[in-house]
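A.B. asks: mind folding the following:
(one chain, ligands or ions: 1)
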Amino acid sequence: TASALKDIISHAKEYGFVFPSSEIYDGLQAVYDYGQNGVELKNNLKTVWYKAMTMLNDNVVGLDASIFMHPLTWKASGHVDSFNDPMIDNKDSKKRYRADTLLEERAAQLEDEGKEAEAKALLQKMAKCLDAGDLEGVRQIIIDENIKCPVSNTANWTEVRQFNLMFSTQVGAVSEDASLIYLRPETAQGIFVNFLNVQKTGRMKVPFGIAQIGKAFRNEIVARNFIFRMREFEQMEMQFFVRPGTEMEWYAKWKETRMKFHLALGIPATSLKFHDHDKLAHYANAAVDIEYKFPFGFKEMEGIHSRTDFDLKAHQDLSRKKQQYFDPEINENYIPYVVETSVGADRLFLAILCNAYTEETVGEGEQEKQRVFLNFHPALAPVKVAVLPLVKKDGLAEKAQEITNSIKFAFNTTYDDGGAIGKRYTRQDLIGTPYCVVVDYQTMEDNTVTVRDRNTMTQERISIADLKEKIGYAVSM
Ligand code: ATP
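C.D. replies: This is a model prediction of the structure:
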(Lines give C-alpha, C1' and ligand atoms only; values in the text may rest on other atoms or scores of the structure.)
Protein backbone atom coordinates (compact mmCIF):
# COMPACT_ATOMS: atom_id res chain seq x y z
CA THR A 1 0.00 0.00 0.00
CA ALA A 2 1.66 3.17 -1.18
CA SER A 3 -0.28 5.49 1.07
CA ALA A 4 0.77 9.07 1.48
CA LEU A 5 2.70 10.00 4.59
CA LYS A 6 0.06 12.57 5.50
CA ASP A 7 -2.62 9.85 5.71
CA ILE A 8 -0.39 7.83 8.01
CA ILE A 9 0.37 10.85 10.21
CA SER A 10 -3.28 11.77 10.62
CA HIS A 11 -4.26 8.16 11.26
CA ALA A 12 -1.51 7.88 13.89
CA LYS A 13 -2.80 11.00 15.61
CA GLU A 14 -6.49 10.21 15.38
CA TYR A 15 -6.22 6.67 16.72
CA GLY A 16 -3.81 7.25 19.61
CA PHE A 17 -0.52 6.07 18.12
CA VAL A 18 1.63 9.21 17.88
CA PHE A 19 1.00 12.76 19.09
CA PRO A 20 3.19 15.83 18.57
CA SER A 21 5.02 16.59 21.83
CA SER A 22 3.49 19.29 24.06
CA GLU A 23 0.85 19.89 21.44
CA ILE A 24 -1.16 22.40 23.51
CA TYR A 25 1.88 24.70 23.20
CA ASP A 26 1.95 24.09 19.45
CA GLY A 27 4.39 21.21 19.69
CA LEU A 28 8.15 20.91 19.78
CA GLN A 29 9.80 20.27 16.47
CA ALA A 30 10.94 16.70 15.82
CA VAL A 31 9.76 15.45 19.21
CA TYR A 32 6.79 13.13 19.53
CA ASP A 33 4.81 11.24 22.15
CA TYR A 34 3.42 7.74 21.79
CA GLY A 35 -0.24 7.42 22.70
CA GLN A 36 -2.20 4.53 24.18
CA ASN A 37 -1.94 2.36 21.07
CA GLY A 38 1.49 3.58 20.00
CA VAL A 39 3.09 2.62 23.29
CA GLU A 40 1.73 -0.92 22.95
CA LEU A 41 3.02 -1.30 19.40
CA LYS A 42 6.40 0.15 20.29
CA ASN A 43 6.75 -2.05 23.37
CA ASN A 44 5.84 -5.09 21.29
CA LEU A 45 8.52 -4.18 18.75
CA LYS A 46 11.12 -3.70 21.46
CA THR A 47 10.20 -6.98 23.14
CA VAL A 48 10.36 -8.91 19.88
CA TRP A 49 13.74 -7.37 19.01
CA TYR A 50 15.16 -8.00 22.48
CA LYS A 51 13.94 -11.58 22.57
CA ALA A 52 15.15 -12.27 19.04
CA MET A 53 18.58 -10.91 19.92
CA THR A 54 19.09 -12.54 23.30
CA MET A 55 17.07 -15.76 22.97
CA LEU A 56 17.45 -16.75 19.33
CA ASN A 57 21.18 -16.11 19.14
CA ASP A 58 23.80 -17.91 21.13
CA ASN A 59 25.89 -15.74 23.35
CA VAL A 60 24.02 -12.47 23.18
CA VAL A 61 23.13 -10.87 26.52
CA GLY A 62 21.39 -7.64 27.48
CA LEU A 63 22.46 -4.38 29.09
CA ASP A 64 20.82 -1.16 30.24
CA ALA A 65 23.44 1.60 30.42
CA SER A 66 22.79 5.20 31.43
CA ILE A 67 22.05 8.07 29.11
CA PHE A 68 24.69 10.22 30.84
CA MET A 69 28.27 9.06 30.43
CA HIS A 70 31.67 10.41 31.34
CA PRO A 71 32.41 13.21 28.83
CA LEU A 72 35.64 11.52 27.74
CA THR A 73 33.51 8.74 26.28
CA TRP A 74 32.49 11.09 23.47
CA LYS A 75 36.03 12.30 22.97
CA ALA A 76 37.17 8.69 22.45
CA SER A 77 34.27 7.81 20.16
CA GLY A 78 34.99 10.78 17.91
CA HIS A 79 31.64 12.46 18.55
CA VAL A 80 33.11 15.61 20.14
CA ASP A 81 35.37 16.25 17.16
CA SER A 82 33.44 14.96 14.22
CA PHE A 83 29.75 14.34 14.89
CA ASN A 84 28.88 17.38 12.80
CA ASP A 85 26.54 18.43 10.06
CA PRO A 86 27.42 21.35 7.76
CA MET A 87 24.76 24.02 8.09
CA ILE A 88 23.96 27.26 6.37
CA ASP A 89 21.54 30.08 7.23
CA ASN A 90 19.50 32.18 4.88
CA LYS A 91 20.05 35.81 5.90
CA ASP A 92 16.54 36.93 4.93
CA SER A 93 14.34 34.21 6.36
CA LYS A 94 16.81 33.39 9.17
CA LYS A 95 16.05 29.75 8.40
CA ARG A 96 18.74 27.14 8.92
CA TYR A 97 19.43 24.30 6.51
CA ARG A 98 21.85 21.46 6.15
CA ALA A 99 24.14 22.48 3.32
CA ASP A 100 24.50 18.89 2.15
CA THR A 101 20.72 18.39 2.13
CA LEU A 102 20.21 21.49 -0.03
CA LEU A 103 22.65 20.08 -2.55
CA GLU A 104 21.22 16.57 -2.37
CA GLU A 105 17.79 17.99 -3.10
CA ARG A 106 19.17 19.91 -6.06
CA ALA A 107 20.75 16.69 -7.35
CA ALA A 108 17.43 14.86 -6.98
CA GLN A 109 15.74 17.65 -8.93
CA LEU A 110 18.33 17.38 -11.71
CA GLU A 111 17.80 13.63 -11.80
CA ASP A 112 14.04 14.16 -12.17
CA GLU A 113 14.79 16.40 -15.13
CA GLY A 114 16.79 13.57 -16.68
CA LYS A 115 20.15 15.27 -16.07
CA GLU A 116 21.71 12.33 -14.31
CA ALA A 117 25.33 13.10 -15.18
CA GLU A 118 24.97 16.63 -13.82
CA ALA A 119 23.40 15.33 -10.63
CA LYS A 120 26.23 12.88 -10.11
CA ALA A 121 28.89 15.50 -10.76
CA LEU A 122 27.26 17.82 -8.25
CA LEU A 123 27.25 15.19 -5.53
CA GLN A 124 30.86 14.28 -6.25
CA LYS A 125 31.94 17.90 -6.04
CA MET A 126 30.16 18.26 -2.71
CA ALA A 127 31.67 15.05 -1.30
CA LYS A 128 35.14 16.26 -2.28
CA CYS A 129 34.69 19.57 -0.46
CA LEU A 130 33.21 17.89 2.64
CA ASP A 131 36.02 15.35 2.79
CA ALA A 132 38.61 18.10 2.57
CA GLY A 133 36.78 20.20 5.19
CA ASP A 134 36.41 22.89 2.55
CA LEU A 135 33.24 24.57 3.83
CA GLU A 136 33.74 27.67 1.67
CA GLY A 137 33.77 25.32 -1.31
CA VAL A 138 30.41 23.88 -0.26
CA ARG A 139 28.99 27.40 0.03
CA GLN A 140 30.34 28.25 -3.42
CA ILE A 141 28.49 25.30 -4.96
CA ILE A 142 25.25 26.47 -3.34
CA ILE A 143 25.82 29.97 -4.79
CA ASP A 144 26.82 28.61 -8.23
CA GLU A 145 23.71 26.46 -8.36
CA ASN A 146 21.65 29.52 -7.38
CA ILE A 147 19.86 27.54 -4.69
CA LYS A 148 17.15 29.62 -3.06
CA CYS A 149 15.68 29.43 0.40
CA PRO A 150 12.19 27.92 0.03
CA VAL A 151 10.85 30.43 2.59
CA SER A 152 12.37 33.76 1.47
CA ASN A 153 13.05 32.66 -2.09
CA THR A 154 16.43 34.43 -2.00
CA ALA A 155 19.98 33.13 -2.35
CA ASN A 156 21.36 35.35 0.40
CA TRP A 157 23.37 32.75 2.35
CA THR A 158 25.73 32.92 5.32
CA GLU A 159 28.96 30.95 5.48
CA VAL A 160 28.76 27.19 6.07
CA ARG A 161 29.49 26.11 9.65
CA GLN A 162 29.96 22.72 11.22
CA PHE A 163 27.25 22.09 13.76
CA ASN A 164 27.71 19.42 16.44
CA LEU A 165 24.64 17.24 16.84
CA MET A 166 25.16 16.42 20.51
CA PHE A 167 22.97 18.04 23.15
CA SER A 168 24.88 19.14 26.22
CA THR A 169 23.95 20.04 29.74
CA GLN A 170 25.67 20.50 33.11
CA VAL A 171 26.05 18.21 36.08
CA GLY A 172 26.64 19.71 39.52
CA ALA A 173 24.68 22.29 41.44
CA VAL A 174 27.02 25.28 41.44
CA SER A 175 27.77 26.66 38.03
CA GLU A 176 31.51 27.09 38.71
CA ASP A 177 31.89 23.44 39.65
CA ALA A 178 29.53 22.15 37.01
CA SER A 179 30.98 20.20 34.18
CA LEU A 180 29.67 19.79 30.70
CA ILE A 181 28.11 16.46 29.86
CA TYR A 182 26.24 15.20 26.83
CA LEU A 183 23.02 13.37 26.25
CA ARG A 184 24.19 10.24 24.43
CA PRO A 185 23.83 10.47 20.66
CA GLU A 186 23.95 6.66 20.38
CA THR A 187 23.56 3.77 22.79
CA ALA A 188 26.58 1.87 21.47
CA GLN A 189 29.17 3.55 23.68
CA GLY A 190 27.39 2.33 26.83
CA ILE A 191 28.03 -1.16 25.53
CA PHE A 192 31.70 -0.58 24.67
CA VAL A 193 32.60 0.81 28.09
CA ASN A 194 30.92 -2.20 29.73
CA PHE A 195 32.52 -4.76 27.45
CA LEU A 196 34.88 -6.15 30.09
CA ASN A 197 32.33 -5.93 32.91
CA VAL A 198 29.97 -8.18 31.00
CA GLN A 199 32.70 -10.42 29.60
CA LYS A 200 34.21 -11.09 33.02
CA THR A 201 31.10 -11.33 35.19
CA GLY A 202 29.22 -13.35 32.58
CA ARG A 203 32.32 -15.47 31.75
CA MET A 204 31.56 -14.72 28.12
CA LYS A 205 33.73 -16.24 25.41
CA VAL A 206 34.38 -14.37 22.17
CA PRO A 207 32.39 -14.38 19.93
CA PHE A 208 29.61 -12.87 22.03
CA GLY A 209 27.24 -9.93 21.84
CA ILE A 210 25.62 -7.30 24.05
CA ALA A 211 22.20 -5.93 23.13
CA GLN A 212 20.60 -2.79 24.45
CA ILE A 213 17.52 -0.63 23.91
CA GLY A 214 17.55 3.00 24.96
CA LYS A 215 17.03 6.65 24.20
CA ALA A 216 19.47 8.65 22.11
CA PHE A 217 19.47 12.36 21.33
CA ARG A 218 20.63 14.30 18.28
CA ASN A 219 20.12 17.95 17.55
CA GLU A 220 19.10 17.29 13.97
CA ILE A 221 19.04 20.46 11.87
CA VAL A 222 16.65 19.14 9.32
CA ALA A 223 13.86 17.37 11.10
CA ARG A 224 11.14 16.09 8.87
CA ASN A 225 9.21 13.05 7.76
CA PHE A 226 7.38 12.59 11.04
CA ILE A 227 9.10 10.13 13.39
CA PHE A 228 11.72 9.20 10.78
CA ARG A 229 14.13 11.84 12.05
CA MET A 230 13.62 12.92 15.63
CA ARG A 231 15.67 14.82 18.17
CA GLU A 232 14.85 12.33 20.89
CA PHE A 233 14.55 8.75 19.72
CA GLU A 234 15.19 5.18 20.70
CA GLN A 235 17.81 2.81 19.39
CA MET A 236 18.05 -0.96 19.54
CA GLU A 237 21.71 -1.78 19.18
CA MET A 238 23.83 -4.88 19.46
CA GLN A 239 27.61 -5.03 19.46
CA PHE A 240 29.04 -8.43 18.62
CA PHE A 241 32.65 -8.97 19.73
CA VAL A 242 34.69 -11.26 17.50
CA ARG A 243 38.24 -12.48 16.95
CA PRO A 244 40.07 -10.12 14.53
CA GLY A 245 40.07 -11.61 11.06
CA THR A 246 36.67 -13.28 11.47
CA GLU A 247 34.64 -10.05 11.28
CA MET A 248 33.58 -10.41 7.65
CA GLU A 249 31.98 -13.81 8.30
CA TRP A 250 30.03 -12.35 11.21
CA TYR A 251 29.13 -9.27 9.21
CA ALA A 252 27.62 -11.51 6.53
CA LYS A 253 25.79 -13.57 9.14
CA TRP A 254 24.29 -10.55 10.88
CA LYS A 255 23.22 -9.01 7.58
CA GLU A 256 21.21 -12.11 6.83
CA THR A 257 19.87 -12.50 10.39
CA ARG A 258 18.66 -8.92 10.54
CA MET A 259 16.97 -9.06 7.15
CA LYS A 260 15.11 -12.21 8.25
CA PHE A 261 13.92 -10.36 11.34
CA HIS A 262 12.20 -7.65 9.31
CA LEU A 263 10.63 -10.24 7.01
CA ALA A 264 9.33 -12.15 10.05
CA LEU A 265 7.54 -8.99 11.22
CA GLY A 266 5.50 -9.15 8.04
CA ILE A 267 7.35 -6.62 5.88
CA PRO A 268 7.41 -7.97 2.32
CA ALA A 269 10.77 -8.53 0.60
CA THR A 270 9.83 -6.02 -2.11
CA SER A 271 9.74 -3.23 0.49
CA LEU A 272 13.21 -3.98 1.84
CA LYS A 273 16.67 -3.75 0.37
CA PHE A 274 20.32 -3.64 1.31
CA HIS A 275 22.23 -0.51 0.50
CA ASP A 276 25.99 -0.75 0.71
CA HIS A 277 27.81 2.37 1.85
CA ASP A 278 30.00 3.81 -0.90
CA LYS A 279 31.84 5.84 1.65
CA LEU A 280 32.81 4.28 4.96
CA ALA A 281 32.83 6.08 8.30
CA HIS A 282 36.25 6.45 9.91
CA TYR A 283 35.58 3.52 12.24
CA ALA A 284 34.24 0.98 9.77
CA ASN A 285 35.68 -1.52 7.31
CA ALA A 286 32.28 -2.55 5.95
CA ALA A 287 28.83 -1.03 6.30
CA VAL A 288 25.38 -1.65 4.90
CA ASP A 289 21.94 -0.25 5.54
CA ILE A 290 18.68 -2.13 5.48
CA GLU A 291 16.33 0.27 3.74
CA TYR A 292 12.56 0.24 3.89
CA LYS A 293 10.35 1.66 1.18
CA PHE A 294 8.80 4.54 3.13
CA PRO A 295 6.14 6.70 1.40
CA PHE A 296 9.01 9.16 0.73
CA GLY A 297 11.26 6.51 -0.85
CA PHE A 298 13.70 3.78 0.17
CA LYS A 299 15.46 5.08 3.30
CA GLU A 300 17.69 3.68 6.03
CA MET A 301 15.95 1.79 8.78
CA GLU A 302 18.88 -0.18 10.20
CA GLY A 303 22.64 -0.01 9.92
CA ILE A 304 25.01 -2.99 10.09
CA HIS A 305 28.61 -1.98 10.56
CA SER A 306 31.90 -3.77 10.92
CA ARG A 307 33.54 -1.31 13.34
CA THR A 308 36.93 -3.04 13.72
CA ASP A 309 38.59 -2.39 17.09
CA PHE A 310 38.15 1.36 16.67
CA ASP A 311 35.98 2.00 19.73
CA LEU A 312 37.58 -0.37 22.24
CA LYS A 313 41.03 0.82 21.21
CA ALA A 314 40.07 4.46 21.55
CA HIS A 315 38.64 3.78 25.02
CA GLN A 316 41.79 1.85 25.99
CA ASP A 317 43.98 4.77 24.87
CA LEU A 318 41.98 7.44 26.66
CA SER A 319 41.09 5.56 29.85
CA ARG A 320 44.44 3.76 30.06
CA LYS A 321 42.52 0.62 31.00
CA LYS A 322 43.29 -2.44 28.94
CA GLN A 323 40.34 -3.54 26.81
CA GLN A 324 41.79 -6.92 25.91
CA TYR A 325 40.42 -10.39 25.89
CA PHE A 326 42.45 -13.54 26.43
CA ASP A 327 41.39 -16.11 23.86
CA PRO A 328 42.10 -19.55 25.34
CA GLU A 329 41.64 -21.28 21.99
CA ILE A 330 44.59 -19.55 20.40
CA ASN A 331 46.39 -18.54 23.57
CA GLU A 332 46.44 -14.87 22.62
CA ASN A 333 45.42 -11.50 24.00
CA TYR A 334 43.68 -9.12 21.65
CA ILE A 335 41.21 -6.27 21.42
CA PRO A 336 38.15 -7.83 19.78
CA TYR A 337 36.69 -6.55 16.54
CA VAL A 338 33.05 -5.52 16.57
CA VAL A 339 30.11 -6.07 14.26
CA GLU A 340 27.22 -3.80 15.14
CA THR A 341 23.54 -3.91 14.27
CA SER A 342 21.67 -0.68 14.97
CA VAL A 343 18.00 -0.07 14.32
CA GLY A 344 15.85 2.85 15.39
CA ALA A 345 12.76 1.71 17.31
CA ASP A 346 10.87 4.73 15.97
CA ARG A 347 11.91 4.13 12.37
CA LEU A 348 10.92 0.50 12.63
CA PHE A 349 7.62 1.65 14.17
CA LEU A 350 7.04 3.96 11.21
CA ALA A 351 7.88 1.19 8.73
CA ILE A 352 5.50 -1.23 10.47
CA LEU A 353 2.75 1.38 10.54
CA CYS A 354 3.20 2.30 6.85
CA ASN A 355 3.28 -1.37 5.92
CA ALA A 356 0.13 -2.13 7.94
CA TYR A 357 -1.97 0.78 6.67
CA THR A 358 -4.45 -0.75 4.21
CA GLU A 359 -7.30 0.78 2.27
CA GLU A 360 -9.65 -1.62 0.51
CA THR A 361 -13.03 -1.77 -1.13
CA VAL A 362 -15.40 -4.31 0.38
CA GLY A 363 -18.89 -5.47 -0.55
CA GLU A 364 -20.62 -5.21 -3.90
CA GLY A 365 -23.14 -2.94 -5.57
CA GLU A 366 -25.14 -0.93 -3.05
CA GLN A 367 -23.18 -2.51 -0.23
CA GLU A 368 -19.81 -1.42 -1.63
CA LYS A 369 -17.70 0.70 0.72
CA GLN A 370 -14.15 1.65 1.57
CA ARG A 371 -12.52 0.40 4.70
CA VAL A 372 -9.19 1.19 6.33
CA PHE A 373 -7.50 -1.28 8.63
CA LEU A 374 -4.05 -1.80 10.09
CA ASN A 375 -2.70 -5.14 8.98
CA PHE A 376 -0.25 -5.72 11.84
CA HIS A 377 1.31 -9.08 12.53
CA PRO A 378 -0.93 -10.26 15.43
CA ALA A 379 2.09 -10.40 17.75
CA LEU A 380 2.70 -6.67 17.17
CA ALA A 381 -0.90 -5.44 17.33
CA PRO A 382 -1.53 -3.08 20.28
CA VAL A 383 -4.76 -4.84 21.23
CA LYS A 384 -5.07 -8.56 20.51
CA VAL A 385 -8.75 -9.14 21.23
CA ALA A 386 -11.89 -7.06 21.62
CA VAL A 387 -14.75 -8.79 23.43
CA LEU A 388 -18.10 -7.50 22.22
CA PRO A 389 -21.54 -8.44 23.54
CA LEU A 390 -24.01 -8.39 20.66
CA VAL A 391 -26.47 -6.54 22.92
CA LYS A 392 -26.12 -5.32 26.50
CA LYS A 393 -29.25 -6.97 27.87
CA ASP A 394 -30.18 -10.52 28.89
CA GLY A 395 -26.86 -11.17 30.62
CA LEU A 396 -24.74 -10.87 27.45
CA ALA A 397 -22.78 -7.91 28.80
CA GLU A 398 -21.96 -9.74 32.03
CA LYS A 399 -20.92 -12.83 30.09
CA ALA A 400 -18.63 -10.74 27.89
CA GLN A 401 -17.07 -9.10 30.96
CA GLU A 402 -16.47 -12.51 32.46
CA ILE A 403 -14.68 -13.68 29.29
CA THR A 404 -12.62 -10.49 29.23
CA ASN A 405 -11.49 -11.06 32.81
CA SER A 406 -10.49 -14.63 32.06
CA ILE A 407 -8.08 -13.69 29.24
CA LYS A 408 -6.96 -10.12 29.90
CA PHE A 409 -3.74 -11.00 31.72
CA ALA A 410 -2.68 -13.39 28.97
CA PHE A 411 -2.87 -10.79 26.18
CA ASN A 412 -4.07 -7.25 25.75
CA THR A 413 -7.88 -7.44 25.68
CA THR A 414 -10.52 -4.72 25.56
CA TYR A 415 -14.21 -4.84 26.24
CA ASP A 416 -16.55 -2.71 24.16
CA ASP A 417 -20.33 -2.54 24.29
CA GLY A 418 -20.84 0.90 22.77
CA GLY A 419 -22.82 1.23 19.54
CA ALA A 420 -23.73 -1.04 16.65
CA ILE A 421 -21.59 -4.15 16.20
CA GLY A 422 -20.39 -2.99 12.76
CA LYS A 423 -19.13 0.28 14.24
CA ARG A 424 -17.31 -1.64 16.94
CA TYR A 425 -15.61 -3.86 14.34
CA THR A 426 -14.50 -0.75 12.47
CA ARG A 427 -13.00 0.79 15.61
CA GLN A 428 -10.89 -2.34 16.09
CA ASP A 429 -9.89 -2.51 12.40
CA LEU A 430 -8.59 1.05 12.60
CA ILE A 431 -6.19 0.17 15.42
CA GLY A 432 -5.30 -3.21 13.95
CA THR A 433 -6.90 -5.58 16.48
CA PRO A 434 -6.64 -9.03 14.89
CA TYR A 435 -9.64 -10.65 16.62
CA CYS A 436 -13.11 -9.65 17.78
CA VAL A 437 -14.89 -12.09 20.05
CA VAL A 438 -18.66 -11.74 19.94
CA VAL A 439 -20.97 -12.90 22.69
CA ASP A 440 -24.46 -13.64 21.34
CA TYR A 441 -27.59 -15.52 22.43
CA GLN A 442 -26.09 -18.87 21.44
CA THR A 443 -23.23 -18.17 23.86
CA MET A 444 -25.72 -18.21 26.72
CA GLU A 445 -26.82 -21.68 25.68
CA ASP A 446 -23.66 -23.53 24.67
CA ASN A 447 -20.68 -21.43 25.87
CA THR A 448 -19.38 -20.75 22.38
CA VAL A 449 -18.46 -17.38 20.86
CA THR A 450 -17.70 -16.18 17.36
CA VAL A 451 -14.20 -14.98 16.53
CA ARG A 452 -14.00 -12.45 13.71
CA ASP A 453 -10.76 -12.15 11.76
CA ARG A 454 -9.64 -8.57 11.00
CA ASN A 455 -8.28 -9.28 7.52
CA THR A 456 -10.81 -11.69 6.07
CA MET A 457 -13.78 -10.42 8.15
CA THR A 458 -14.93 -14.03 8.40
CA GLN A 459 -16.22 -15.55 11.61
CA GLU A 460 -15.59 -18.86 13.28
CA ARG A 461 -17.47 -20.27 16.24
CA ILE A 462 -15.35 -21.69 19.01
CA SER A 463 -15.79 -22.82 22.57
CA ILE A 464 -14.94 -20.28 25.31
CA ALA A 465 -12.80 -22.96 26.92
CA ASP A 466 -10.49 -22.94 23.86
CA LEU A 467 -10.28 -19.16 23.53
CA LYS A 468 -7.18 -18.50 25.60
CA GLU A 469 -5.11 -21.20 23.97
CA LYS A 470 -6.23 -20.54 20.38
CA ILE A 471 -5.79 -16.79 20.53
CA GLY A 472 -2.61 -17.10 22.54
CA TYR A 473 -1.20 -19.24 19.76
CA ALA A 474 -2.38 -16.89 17.01
CA VAL A 475 -0.86 -13.79 18.59
CA SER A 476 2.58 -15.24 19.29
CA MET A 477 5.58 -14.87 16.94
P1 ATP B 1 20.74 9.04 9.11
O2 ATP B 1 21.74 8.91 8.00
O3 ATP B 1 19.34 8.76 8.70
O4 ATP B 1 20.90 10.28 9.93
P5 ATP B 1 22.58 7.55 10.63
O6 ATP B 1 23.30 6.82 9.57
O7 ATP B 1 23.16 8.73 11.28
O8 ATP B 1 21.10 7.87 10.14
P9 ATP B 1 23.12 5.71 12.70
O10 ATP B 1 23.98 6.64 13.44
O11 ATP B 1 23.73 4.56 11.98
O12 ATP B 1 22.16 6.51 11.74
O13 ATP B 1 21.98 5.18 13.70
C14 ATP B 1 21.43 3.89 13.62
C15 ATP B 1 19.93 3.92 13.49
O16 ATP B 1 19.35 4.80 14.43
C17 ATP B 1 19.43 4.41 12.14
O18 ATP B 1 19.42 3.36 11.21
C19 ATP B 1 18.04 4.89 12.48
O20 ATP B 1 17.12 3.79 12.46
C21 ATP B 1 18.17 5.38 13.88
N22 ATP B 1 18.27 6.85 13.91
C23 ATP B 1 19.37 7.61 13.73
N24 ATP B 1 19.08 8.92 13.82
C25 ATP B 1 17.76 9.00 14.09
C26 ATP B 1 16.85 10.08 14.31
N27 ATP B 1 17.27 11.33 14.30
N28 ATP B 1 15.55 9.80 14.54
C29 ATP B 1 15.11 8.52 14.56
N30 ATP B 1 15.91 7.47 14.37
C31 ATP B 1 17.22 7.68 14.13
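
A.B. asks: near the ligand, which residues of the protein are found?
C.D. replies: Residues of the chain lying close to the ligand (CB under 6 Å from any ligand atom) are 186, 218, 220, 229-230, 233, 235, 300-303, 342-344, 346-347. In this view, the C-beta of every residue, glycine as well, is placed from N, C-alpha and C.

A.B. asks: for those, pick the one with the most neighbours.
C.D. replies: Neighbour counts for the residues of the chain next to the ligand (other CB atoms under 10 Å) peak at residue 343, which has 25 neighbours.

A.B. asks: next, it: secondary structure please.
C.D. replies: Following DSSP: H, G, I helix; E, B strand; the rest coil, residue 343 is assigned to strand.

A.B. asks: can you tell me which residue of the stretch 201-350 of the chain sits closest to the ligand?
C.D. replies: Using CB to the nearest ligand atom, residue 344 is the residue of the stretch 201-350 of the chain that sits closest to the ligand, at 2.6 Å.

A.B. asks: what's the pLDDT at residue 177?
C.D. replies: Looking at residue 177, its pLDDT reads 61.

A.B. asks: begin at 232, not 1, for the rest of this chat.
C.D. replies: Got it, the first residue is 232 from now on, which makes the last one we talked about residue 408.

A.B. asks: nearest to the ligand: which residue in the stretch 282-431 of the chain?
C.D. replies: The nearest approach of the stretch 282-431 of the chain to the ligand comes at residue 417, 5.9 Å away (CB to the nearest ligand atom).

A.B. asks: doesn't that residue belong to a helix?
C.D. replies: No. If the criterion is three-state DSSP, then residue 417 is coil and not within a helix.

A.B. asks: wait, doesn't it sit right on residue 447?
C.D. replies: Yes. Using CB atoms under 8 Å, residue 417 is in contact with residue 447, at 5.3 Å.

A.B. asks: which residues are in contact with both of these two?
C.D. replies: Common neighbours of residue 417 and residue 447, using CB atoms under 8 Å, 6 or more residues apart in numbering, are residue 466.

A.B. asks: okay, and residue 420 sits in which element?
C.D. replies: Under the criterion of DSSP states H and E, residue 420 resides in helix 419-423.

A.B. asks: name the residues that touch the next helix or strand after that helix?
C.D. replies: Later in the chain than helix 419-423, the nearest helix or strand by DSSP H and E is helix 426-432. Residues outside helix 426-432 that contact it (CB under 8 Å, 6+ apart): 292, 294, 435, 437, 439, 441, 470, 472, 543, 554, 556, 567.

A.B. asks: and for stretch 300-317?
C.D. replies: Counting by CB under 8 Å, 6+ apart, stretch 300-317 makes contact with 329-331, 361, 366, 369, 391-397, 410-413, 415-417, 420-421, 423-424, 451-452, 513-514, 542, 545-546, 548-550, all of which sit outside it.

A.B. asks: one step back: which of the residues of the chain next to the ligand fall in helices?
C.D. replies: Secondary structure assignment by DSSP state H places 577-578 of those in helices.

A.B. asks: lowest-confidence entry in the residues of the chain next to the ligand?
C.D. replies: Across the residues of the chain next to the ligand, the bottom pLDDT score, 92, is held by residue 451.
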